[in-house]
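*Asks:* build the 3D model from these lines:
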Amino acid sequence: MTTRRERIAKGSDLEKAVELIQNAILTASSPPKEKAFTIERRKIIIVAGVRHEIDVWVEIDAGKESRTVFIFECKNWQDKVGKNEIIIFSEKIKVAQAKRGFFVAPSFTSDAEAQCRLDPGMERLVSREASTLFSSLPVPVYVVIQNVERTALSLSLAGPPPRDQRANTACTYRNETTTVDVCRKKWVDETLQEKRDALLQEAHQVIDSPRTVKIHKDIKFQPGELMVEGRSVSSAELDLEIQIDVTPTRIAFQYEVETRGWAISWEPIKRTTPVLEGIELGNPSFATSVQPPKSESEA
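*Replies:* Modelled structure (predicted):
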């Protein structure tokens, strides 16, 4: 038995899927580099003092200051949708002045189907929670540096070694007062970004466990660029030993909506530190339409 929170989450997933599919349909039918439509989820409209919530609101710019509106009601219920929900949605179509309304749900009672047929501006769409269409899609992966196991930094400067060789030794770097440890962390991050492509190649070798990679970098400084104890540092050597891992994502939802299309979304991946810039996928998703409409006004 599902909890109320789980039911709300599943309903939200279906709304997101419908939004993705509609975006795919309208993008395919829009002129290149032109987005003549907007899609909103859970849009609130107030008509004659009455508040209405629209699960998915699609507004198309028809030109000459005119617009066409389509609305969607999404019920991802285990039970069949009844006639009362259809009656309420009919009223939403009317007050929203929508050209057409689509009621999306896994199943409907016979009374609900009959009630839907009474409204020429409404269409029933059956949703399914899984589809074999996506079985061949590659699963997104997230390349992370699981752990910087060891960092060694050696500085080259004229004269005897610094009296204070602790990590928090004060220094001046590019005219800013800081510490050697702060600089070291900055150089580590810069090195990881510079070695990004090589690290991605190493990630391809990850099979069952993280892979250890060693990196060496020589850093050259201009005279006076890095000062420690009043002396100019000419160069530094940075040695890193890191672990790289690959985290596959999990599917958050996948839906098929009859006559409209399919949508899939993967769970957002929790950020780990440090991470390779440009590799984080966030919340990737993909949608495709069954067949793009002949014109935008048909939605």
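*Asks:* show me which residues of stretch 40-55 are buried.
*Replies:* For stretch 40-55, the neighbour count (16 or more other CB atoms under 10 Å) marks 41, 43, 45, 54, 55 as buried. Any C-beta I mention is one placed from the backbone N, CA and C, and that applies to glycine too.
*Asks:* for the residues you listed, which two are the farthest from each other?
*Replies:* 41 and 45 (13.3 Å; CB to CB).
*Asks:* picking up where we left off before, want to throw the buried residues of stretch 40-55 into TSV with secondary structure, distance to residue 215 and pLDDT?
*Replies:* Below are the buried residues of stretch 40-55 laid out as TSV (DSSP: H, G, I helix; E, B strand; the rest coil; distance: CB to CB, whole Å; pLDDT from 0 to 100):
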residue	secondary structure	distance to residue 215	pLDDT
41	strand	45	94
43	strand	50	96
45	strand	57	95
54	strand	53	96
55	strand	50	96
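*Asks:* between those residues, which is nearest residue 80?
*Replies:* The closest of these, once distances to residue 80 are taken by CB to CB, is residue 55, at 18.0 Å.
*Asks:* enumerate every residue touching that closest one.
*Replies:* 15, 18, 41, 42, 71, 72, 73, 74 (CB atoms under 8 Å, 6 or more residues apart in numbering).
*Asks:* over to residue 107?
*Replies:* Contacts of residue 107 (CB under 8 Å, 6+ apart): 80, 81, 126.
*Asks:* out of those residues, which is most surrounded?
*Replies:* Of all these, residue 81 has the most neighbours under the rule other CB atoms under 10 Å, reaching 23 neighbours.
*Asks:* I'd say that one and residue 105 touch.
*Replies:* Yes - the pair residue 81 / residue 105 is scored as a contact, 4.6 Å apart, by CB atoms under 8 Å.
*Asks:* what are the bridge partners for residue 103, then?
*Replies:* residue 73, residue 124 (DSSP bridges).
*Asks:* the nearest residue to residue 260 once chain neighbours are set aside in helix, strand or coil?
*Replies:* Spatially, and ignoring its direct neighbours in sequence, residue 260 is nearest to residue 21 (5.2 Å; CB to CB, 6 or more residues apart in numbering). Following DSSP: H, G, I helix; E, B strand; the rest coil, residue 21 is assigned to helix.
*Asks:* quick one: residue 21 from residue 58, how far?
*Replies:* Residue 21 sits 11 Å away from residue 58, going by CB to CB, to the nearest Å.
*Asks:* again, but for residue 182
*Replies:* Residue 182 sits 51 Å away from residue 58, going by CB to CB.
*Asks:* repeat for residue 243
*Replies:* Distance of residue 243 to residue 58, computed by CB to CB: 47 Å.
*Asks:* got it, and residue 263?
*Replies:* From residue 263 to residue 58 the distance is 15 Å (CB to CB).
*Asks:* residue 213 too?
*Replies:* The gap separating residue 213 from residue 58 is 48 Å, by CB to CB.
*Asks:* these two: which is more packed in?
*Replies:* Between residue 213 and residue 58, residue 58 has the larger neighbour count (other CB under 10 Å), namely 26 against 19.
*Asks:* partners of whichever helix or strand the more buried one is part of, with directions?
*Replies:* Residue 58 is part of strand 50-63, with elements assigned from DSSP states H and E. According to DSSP bridges, strand 50-63 forms sheet pairs with strand 37-47 (antiparallel), strand 66-74 (antiparallel).
*Asks:* for residue 200, which of these is the nearest?
*Replies:* The nearest among the strands paired with strand 50-63, by CB to CB, is strand 37-47 at 34.1 Å.
*Asks:* isn't the residue nearest to residue 260 right up against residue 263?
*Replies:* Yes - Residue 21 is within contact range of residue 263, at 5.1 Å (criterion: CB under 8 Å).
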